[in-house]
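Participant: give me coordinates for this.
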Amino acid sequence: MTEPQSRREFLAAGALAAAALPLWRRTMLGTATDLVVAVEAAPTARLRTLPFALTQVRLRPGPVLDALQVNRRHLLAQDLDRLLHTFRLTAGIPSAAKPLGGWEAPDNELRGHYTGHYLSACALMAAQTGDGEVRARGERLVAELAKCQAAHGNGYLSAFPEELFDRLRAGKPAWAPFYTVHKLMAGLLDTYTLGGNRQALSVLEGMARWTRGWVQPLGDDHMARVLEREYGGMNELLYNLAAATGNAGWAELAHRFDHERVFAPLAAGRDELKGLHVNTTIPKIIGAARRYETLGDPRARDVADFFWHTVTERRSYATGGTSNNEEWQAGPNELASQLGGYTQESCVTYNMMKLTRHVFGWTADPRAADYYERAFYNGILCVEHPADGEKLYYTPLESGYWKLFGTPTQDYWCCTGSMAEAFSKLGDSIYFRDADGDGAGVYVNLFVPSELDWTERGVRLVQETRFPEEDIIRLTVRAARPVRLPLRIRVPYWAQGGSAVLNGQALDGFAAPGSYFVLDRSWRDGDRVEVRLPMRLHAQAMPDDPTVQAYMYGPLVLAGPLGKEGLTPQVLRAEPTKPRTVPEYQGKPVAAPTLVARSDDPGAWIRPVPGRVLEFRTTGQATDVSLVPLNRIFDERYAVYWKVQPAGV
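Facilitator: Have a look, this model is predicted:
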């Protein structure tokens, strides 16, 4: 690996040649923050697969659609004038709205971040469902934000004054102004690329010009100091803006937000993540992924690829989550000591899934799809309260804690916003297609009731399943005329064998776990494939302590309910009258019993409960415990990781 170049040397070498940019072939799929751009001028940018756009995928009735609808109600319950309140005051526009609380309070330096997330969530929800009411809310926000920007007169737009950026430039305390502004810029870009709102693009370009003017006078050393303050995904956003507009200048500005201190060891294949703030880091890496996709920079791919592998393979819990107290506090494969009430920040899981989406696009690696599924069930679907749509900041993995939700209109943590986005695009990454248009086929990566409309090929694919409550996936092809394409159905790592039936006839042979079962044929209307993927119980031990184990059934992490002792309504919700940065537990965890592993195969001593779907119970223990999916547990204590001793010890 060659020594990293300075930004000026890198630009001089032609890696960002402006002449190349007009040759871009721009294909915008999915979310604006996850654009996939095939770059004709950069042959080193190789994409094997592309995700289908949200507009091409519709969820069908089932638990995933139910979760999306809960989030929709939560979005519609937000008061737009309250979201705009501090933007208007900062711009000198009167507002009589009641201020919001938490991170959106008028004295909080992150105020305005949720409004950006909200714009993205509205754009995503409208694309996912065709919901005009949600789309109109986003468009109204854009129109009112444009008035605030016009009042500033210089392109600036934020819920806090420019004075925070003055402090950032001077090296004085300021709570992450670029992080907050990034959320707003990303929301505007989503509103433009997903909804075609040109006013959103105009406002965004004004903010980008202001950013360029702020950054331009700073030398590389000064800018490096600025990058030590959390700045969200400013590099990703600006690469995406360059892709959306064909303006090379935005990609050059994006490169100034590429954090070389973080990138250099990753490019060299070294894990030096210990001590870093996790969700400060991951968006930077997504920016590296976008640099590779837009400019073909192979070093940027090295950064993102090594990071993804080291985090997913050596720094992640059974759930797919990573982080403890928002940091990597230990080295690779050192996780047994990293359990607490503040593990698995929801933003972290969301951003790791975004990065995984890119990695799968480059590799079509089923391991990436396996990880995405694990995070989907155990890091996303477990964090929305089914009653009111509030979202978790952290999912505790130390035994005896509970899921601590916030209070509506009082707690707008980072994860409140990122999860509003996540639950607006639950149809994302179910299906991919080959990037090569000739003979392109479909990848079925997630088993979720849904319908894919591939208009360009004249084919629809209807997926019917009750997975994970059952292990059968049914796919029906609808097509006006025969169409030849390979259908690739993921066979997960956890599958205990498998089988397939085509139009009622059993097929010989099946793919091995951790691969794809491929049917390459001419499909006719009504053709039906039924795939069975038997699930099994399996243990996942901590890499540094095999006596600390979690148990899984298929992709589902199982948790043991430990009762509701001490969990009053006031304890179950973060106290709304107390100013705080993060939710604070009012009470202590309780101990979980030690388990005796009577066999290396947990299926020998953890048995299904007759008549109860996805419910299990241990056998032969001093205190037997029940186990259910983590994403089903709310408002009670639980255990995910258990202290386990072998039989006879």
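Participant: now do residue 83 against residue 164, distance only.
Facilitator: 19 Å (C-beta to C-beta, to the nearest Å). (Each C-beta comes from the backbone N, C-alpha and C, glycine too.)
Participant: of these two, who's got more company?
Facilitator: A direct count of neighbours by other C-beta atoms under 10 Å for residue 83 and residue 164 places residue 83 higher, at 23 against 20.
Participant: what helix or strand is the more buried one on?
Facilitator: helix 80-90 (DSSP states H and E).
Participant: repeat that for residue 165.
Facilitator: helix 163-170.
Participant: and that helix, what does it pack against?
Facilitator: helix 177-195, helix 220-226 (3 or more C-beta pairs under 8 Å, 6 or more residues apart in numbering; DSSP states H and E).
Participant: what about the helix or strand just after the first one, distance to the chain center?
Facilitator: On the C-terminal side of helix 177-195, the nearest following helix or strand under DSSP H and E is helix 198-215. If you compare the mean C-alpha spot of helix 198-215 with that of the full chain, they lie 25 Å apart, counting by C-alpha atoms, centre = their mean, to the nearest Å.
Participant: and helix 198-215 with helix 163-170, angle?
Facilitator: 40 degrees (axes from the mean of the first three to the mean of the last three C-alpha atoms, to 10 degrees).
Participant: low pLDDT regions in the stretch 301-450 of the chain?
Facilitator: 438 (pLDDT under 70).
Participant: if we use 80, what do you get?
Facilitator: 437-439 (pLDDT under 80).
Participant: can you map out the helices along it?
Facilitator: Here the stretch 301-450 of the chain has its helices, by DSSP state H, counting those that start in this stretch, at 346-363, 366-375, 414-422.
Participant: picking up where we left off before, closest to residue 494 out of the helices and strands packed on helix 163-170?
Facilitator: helix 177-195 (33.6 Å; C-beta to C-beta).
Participant: which elements pack onto the closest one?
Facilitator: helix 113-129, helix 132-152, helix 163-170, helix 198-215, helix 234-245.
Participant: which residues sit in contact with the closest residue to residue 521 other than its chain neighbours?
Facilitator: Once flanking residues are discounted, residue 521 sits nearest to residue 484: 7.1 Å by C-beta to C-beta, 6 or more residues apart in numbering. By C-beta atoms under 8 Å, 6 or more residues apart in numbering, the residues touching residue 484 are 439, 520, 521, 522, 523.
Participant: distance check, residue 484 against residue 478.
Facilitator: 16 Å.
Participant: what ranges in the protein fall below the confidence cut-off?
Facilitator: Looking at the chain by pLDDT under 80, you get 1-45, 437-439, 575-581, 647-649.
Participant: around residue 619, how many other residues sit close by?
Facilitator: 11.
Participant: use 140 as the first number from now on
Facilitator: That works, and once the first residue is 140, the last one we named lands at residue 758.
Participant: show me what contacts it?
Facilitator: Applying C-beta under 8 Å, 6+ apart to residue 758 gives the contacts 737, 744, 745, 746.
Participant: rerun at 10 Å
Facilitator: Residues in contact with residue 758 (C-beta atoms under 10 Å, 6 or more residues apart in numbering) are 737, 743, 744, 745, 746.
Participant: out of the helices of the stretch 440-589 of the chain, flag the one nearest residue 596.
Facilitator: Here helix 485-502 is closest among the helices of the stretch 440-589 of the chain (C-beta to C-beta), at 19.1 Å.
Participant: returning to that earlier point: which one of the helices and strands packed on helix 316-334 lies nearest to residue 588?
Facilitator: helix 252-268 (14.1 Å).
Participant: helices or strands up against the closest one?
Facilitator: strand 196-198, helix 202-215, helix 219-229, helix 271-291, helix 316-334, helix 553-561 (3 or more C-beta pairs under 10 Å, 6 or more residues apart in numbering; DSSP states H and E).
Participant: redo those as CSV? Include distance to residue 786.
Facilitator: Conversion of the helices and strands packed on helix 252-268 to CSV gives the following (distance: least, C-beta to C-beta, whole Å):
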stretch, distance to residue 786
strand 196-198, 45
helix 202-215, 37
helix 219-229, 57
helix 271-291, 55
helix 316-334, 51
helix 553-561, 41
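Participant: the closest residue to residue 519 other than its chain neighbours and residue 731, how far apart?
Facilitator: Sequence neighbours aside, residue 561 is the residue nearest to residue 519 in space, at 5.3 Å (criterion: C-beta to C-beta, 6+ apart). Residue 561 sits at a distance of 29 Å from residue 731 (criterion: C-beta to C-beta).
Participant: try residue 251
Facilitator: If you go by C-beta to C-beta, the gap between residue 251 and residue 731 works out to 41 Å.
Participant: list the contacts for residue 778?
Facilitator: Here residue 778 is in contact with 536-540, 689, 697-701, 728-732, 734, 764, 766 (C-beta under 10 Å, 6+ apart).
Participant: now with 7 Å, please.
Facilitator: 538, 539, 698, 699, 701, 731 (C-beta atoms under 7 Å, 6 or more residues apart in numbering).
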